[in-house]
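J.: Using only what follows, build the 3D model:
(4 chains)
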There are 2 protein chains.
Amino acid sequence: MARRVKSGLNVTLKEVAGSLGVSSMTVSRAINNRPNVNEKTRIRVIEQAKKMGYTPNLVAKSLVSSKTYTIGVIIPEISHAFFPEVVRGIEEATYDRNYQLFLANTSENFDREMKAIDSFRSKRVDGIMVSSSQTTLDFTYYKRILQSGLPLIFFDRCIEGIGASCIGVNDENSSRQITEHLIHHGYKKIAHLCGPRKVSVGKKRYEGYLKAMQDHQLKVDETWIMESGFKETGGYQAMKKLLELPREKQPQAVVAVNDPVAFGAMDAIREKGLSIPHDLAITGFTNDIRSALISCPLTTIHQPAYEIGRKAAIKLISTIENVREPVENIEVLSTLKIRSSCGCL
Amino acid sequence: MARRVKSGLNVTLKEVAGSLGVSSMTVSRAINNRPNVNEKTRIRVIEQAKKMGYTPNLVAKSLVSSKTYTIGVIIPEISHAFFPEVVRGIEEATYDRNYQLFLANTSENFDREMKAIDSFRSKRVDGIMVSSSQTTLDFTYYKRILQSGLPLIFFDRCIEGIGASCIGVNDENSSRQITEHLIHHGYKKIAHLCGPRKVSVGKKRYEGYLKAMQDHQLKVDETWIMESGFKETGGYQAMKKLLELPREKQPQAVVAVNDPVAFGAMDAIREKGLSIPHDLAITGFTNDIRSALISCPLTTIHQPAYEIGRKAAIKLISTIENVREPVENIEVLSTLKIRSSCGCL
DNA sequence: AACCATATTGTTAACGATAACATCATCGGA
DNA sequence: TCCGATGATGTTATCGTTAACAATATGGTT
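T.: This next block holds a predicted model:
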C-alpha cells in the first residue's frame, strides 16, 4: 500500500515540532526570534525547519492577528500608460514595507469595481487604494466602505468630501495653467473637449478652463464645451462636431481633457485638411508617452505618476498602522510640458 | 464605562447566529445555499446577515480548505508597455474564474523575484505565473518550487526543461522571419544586437538570426554579434561600437533584440550622421507603442500580449484545478509589422 | 535544605469557518 | 402504536498559528 500522504504539501509547525520531540510553541518561538528559547534549541529548530522546507502559513497567522499585510489596488484602465507607472510607485512603497498588492483592473466599469472591492474585503485586505471609474453621484457604496472602518484612499480619480484621503495633481489649477498658456499665445476663441463632469477630474479640468477664460475676460460660447469622454474615439467625434460650427464660431484653439482625446481630435482636424497648430492649436493633459513622438508633438500637463503611486501607498499604510493618521488631500505638482501643438516652437 | 467593542470590525457567522438564536452551522448552511435548511430560516438568516453587514471571512475559509483563490504574478518591468497588456489579459481570465491576483514587479532583479515568490507561498497562493528576470543558469530555485508542488507557469521569459509550462511567441522563428525580411531586401552584411544569451529570449532570437543567415549562405562576422542587454542605453552603446568597425566590416542592416534596444541604436546611428534606412536598416522586436510614431517608424515583431496573459492565466488555473493537466509549451502567433526602418515604404 | 528568581518548555484556548457526525421532531405506513 | 425515513438543527473537532497561562528545571542565596 502506498504510504498515506498529507493532502496539503506544506510542512507545518507541528510537523517540525514532532520530528524534534518538542512542542509547536517552542518551534514558533524559535522561528520568530522570540526570547525565552534556549540558543541551542533555536539553532536545532531553525536547521530542521529549513531541512524540511517549512514555510510559515500566513493564512493561519492572519486569522489570529486579523492582519494580512495585503492591500487592494483598483485601477480603471491598465492600458493607459499613466496607471502602470502609478502601480510601479505603489509597488515600490509596499515592497519596502512588506505588504503585498492585489491588483484589479475595472475597465472603467463601476460594477466590476464594487465586485473587486467586495472580494478584497472578503480576503481581509488591510486597506484599499482606488482610482474610481465612478460616473454617478451615488457615493453610498464608498460611504459604507468607510463606515465599516476599512482604510481607503483615492488617487488620481478622487471622490471628495466623504472622509477619505485623496492624492493627485491639482486638476483645476493645471487646467487653468494650460488654458492660460493658450491665451498668452493670443488665442481668444478657445474650446474645451471635456470629460464627464460627474467624474472629479472631468469637472475640475472644466472649471480650470472656465476660470482662465473668465480671468482674462474672454467670452465662453457654450457650443465650445463639448463632452468627449476620456478616449480617443470620443475626442475624434467631439472635434468633428466642433468643426461643423459656422465659420465665425470656429474656435482658434482647443483644450482637451487628456492626451488620448487630443489625439482623436487631431485626427479629426487633419481630416478636415487643417494644420496644427497653424489653423488650430490644441493641448492635452497627462503626458502620454506618445505625445512627444507624434508628428506635431503635443503640449500637455505632466503628472508625476510614480510619485502619486508611491505617496498614495505610503499614506494608506500610515492610515492602516496608525489610527490617528489624518484624512487629507495631498497634492503633487504637475508640470507644463510645452511642445509644438500649442503654437510654440 | 464604554461598551466593550470587538477589535475586529467585521461581523462573524457566530454573531449573526447569536442574534437569531440559532447555531453558526445553520447560518453557514443558509448563506452558502446548502440543502437541509428550512426555507423560512434561510430567508431570516440572509436578511439578518445583510442587515448586520456580514462579509464571509475568506481567510478562515482558506485555512480549512487550503485554497485561496489567489494567484501570484511576477513581471520584470511594468514600465515596459508589453507587460501591462499581459496583465490585462491575466486579469480578464482570473476575473471570470473568481481568482484574485497578486502583482509583483521585480525591476529585473532576481533577488526581488525570489522574495516575492516566497511571500506568495507564505500567503498560500494557489499558483504563480512568472516572467523571469533570471540571468544565470542556476535554476535550482525554480526546481525547488516545482518540487514543492506549487503550480507554476512561465510566460514570455521562459525557463524550459524543468517541468513547467511556458507560454509565448516562438522567438526563434520570429527572429528568423524578421532577419529573412532584411535578407530579401538584398542586405548581406547583417549585424545582431543581442540580449543576454543566458535569458531564453536572448538566446532564441540570436539563434533565429543565425539560422536565417545560414539558410541563405550569408557569412556571419563574429564582430557583428554585439551584446546589448534589453534596454535603450545598452542598444546605444552597442551600436556605437558597431559603428567603429573598419569600413569594409560595417554592416548594412541590424537586427535588434527588441524595440528599446533599436531605439537606442537609432540614436547612435543618427549621431554618426547616417540616415535610416538609407545608410543602415534596422529592425526591432515587441512592437512598443512608440515604434509606429517615431520619425522613421520601426519594422518589428508584434507579440499578442493580451492573449499571452489570458492564455497563461487559463493554463495556470487549469493546472491548479486539474492535477492531470499536462505540462506543455504553448505558442501564440507573432506577426511581422512592416514599417520603414527596414527599407520598405 | 529551603526558597525564590529566572530560564525554558509545555498546555489550552482562540481566531472564523466548515465537515462529519449526533440529535431531535415530524410524518406516513404497517 | 410503534418504526424508520426524512428534514432541520446542533455539537465537536479541525485547519496552522499564537497569546496567555502553567509547569518544570536550573542556579544562586541564605
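J.: count of neighbours near A:I74?
T.: 24 (other C-beta atoms under 10 Å in any protein chain shown). The C-beta positions use only the backbone N, C-alpha and C, and glycine is treated the same way.
J.: who in the stretch 101-250 of chain A is up against chain B?
T.: Taking C-beta under 8 Å from any C-beta of the partner chain as the contact definition, the stretch 101-250 of chain A meets chain B at A:101-105, A:112, A:118-124, A:144, A:148-150.
J.: Among those, name the buried ones.
T.: By neighbour count, with 16 or more other C-beta atoms under 10 Å in any protein chain shown, those hold A:101-105, A:112, A:119-124, A:150 as buried.
J.: And the residues you listed, which two are furthest apart?
T.: With C-beta to C-beta as the measure, no two of these lie farther apart than A:N105 and A:R124, at 21.4 Å.
J.: does A:E77 really touch A:N105, like I thought?
T.: Yes - the pair A:E77 / A:N105 is scored as a contact, 7.2 Å apart, by C-beta atoms under 8 Å.
J.: for stretch A:11-25, how far is the first residue from the last?
T.: End-to-end distance of stretch A:11-25: 15 Å, with C-alpha to C-alpha, to the nearest Å as the criterion.
J.: That one close to DNA strand D?
T.: Yes - Stretch A:11-25 lies within reach of DNA strand D by C-beta under 7 Å from any atom of the strand, at A:T12, A:L13, A:K14, A:S24, A:M25.
J.: Of the residues you listed, which is the most crowded?
T.: For the residues of stretch A:11-25 next to DNA strand D, the largest neighbour count, defined by other C-beta under 10 Å, is 20 neighbours, found at A:L13.
J.: Relative to A:E15, how far out is the nearest residue to it once chain neighbours are set aside?
T.: Distance criterion C-beta to C-beta, 6 or more residues apart in numbering or on different chains; nearest residue to A:L13, sequence neighbours excluded, is A:S24 at 4.5 Å. Note on A:S24: its distance to A:E15, by C-beta to C-beta, to the nearest Å, is 9 Å.
J.: Over to A:T26?
T.: Computed as C-beta to C-beta, the A:T26 to A:E15 distance reads 14 Å.
J.: Comparing these two, which residue is more hemmed in?
T.: Taking other C-beta under 10 Å, A:T26 and A:E15 do not tie; A:T26 has more neighbours (22 against 17).
J.: Give the rounded mean pLDDT of whatever helix or strand the more buried one lives in.
T.: Using DSSP states H and E, A:T26 falls within helix A:24-31. For helix A:24-31, mean pLDDT rounds to 95.
J.: Which single residue in the stretch 201-345 of chain A comes nearest to DNA strand D?
T.: Residue nearest to DNA strand D within the stretch 201-345 of chain A: A:E321 (16.4 Å; C-beta to the nearest atom of the strand).
J.: what does the stretch 151-300 of chain A give?
T.: For the stretch 151-300 of chain A, C-beta to the nearest atom of the strand, closest residue to DNA strand D: A:P151, 21.9 Å.
J.: Burial check on that residue, number of neighbours?
T.: Neighbours around A:P151, by other C-beta under 10 Å: 23.
J.: Apart from its chain neighbours, what residue comes closest to it?
T.: Counting by C-beta to C-beta, 6+ apart, A:P151 lies nearest to A:G127, which is 3.5 Å off, once chain neighbours are set aside.
J.: which residues sit in contact with that neighbour?
T.: Contacts for A:G127 were tallied using C-beta atoms under 8 Å, 6 or more residues apart in numbering or on different chains; they are A:I71, A:G72, A:L150, A:P151, A:L152, A:I153, A:L316, A:I317, A:T319, A:I320.
J.: try 6 Å this time
T.: Counting by C-beta atoms under 6 Å, 6 or more residues apart in numbering or on different chains, A:G127 touches A:I71, A:P151, A:L316, A:I320.
J.: are any of the residues you listed buried, and which?
T.: Buried members of the contacts of A:G127, counted by 16+ other C-beta under 10 Å: A:I71, A:P151, A:L316, A:I320.
J.: For my notes, confirm the first one occurs in a strand.
T.: Yes - for A:I71, which was evaluated using DSSP: H, G, I helix; E, B strand; the rest coil, the result is membership in a strand.
J.: Look up how far chain B lies from the nearest residue to it once chain neighbours are set aside.
T.: Excluding its sequence neighbours, the residue lying closest to A:I71 (C-beta to C-beta, 6+ apart) is A:G127, at 5.1 Å. Here the criterion is C-beta to the nearest C-beta, to the nearest Å. By it, A:G127 lies 13 Å from chain B.
J.: Which parts of the stretch 1-150 of chain A are strands?
T.: Ranges of strands within the stretch 1-150 of chain A are A:70-75, A:100-105, A:127-130, based on DSSP state E, counting those that start in this stretch.
J.: Distance to A:H278 added to those strands, as a markdown table?
T.: Output for these, formatted as a markdown table (distance: least, C-beta to C-beta, whole Å):
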| stretch | distance to A:H278 |
| --- | --- |
| strand A:70-75 | 38 |
| strand A:100-105 | 40 |
| strand A:127-130 | 42 |
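J.: who wins for proximity to A:F82 among the ones you listed?
T.: Closest approach to A:F82 among these (C-beta to C-beta): strand A:70-75, 9.3 Å.
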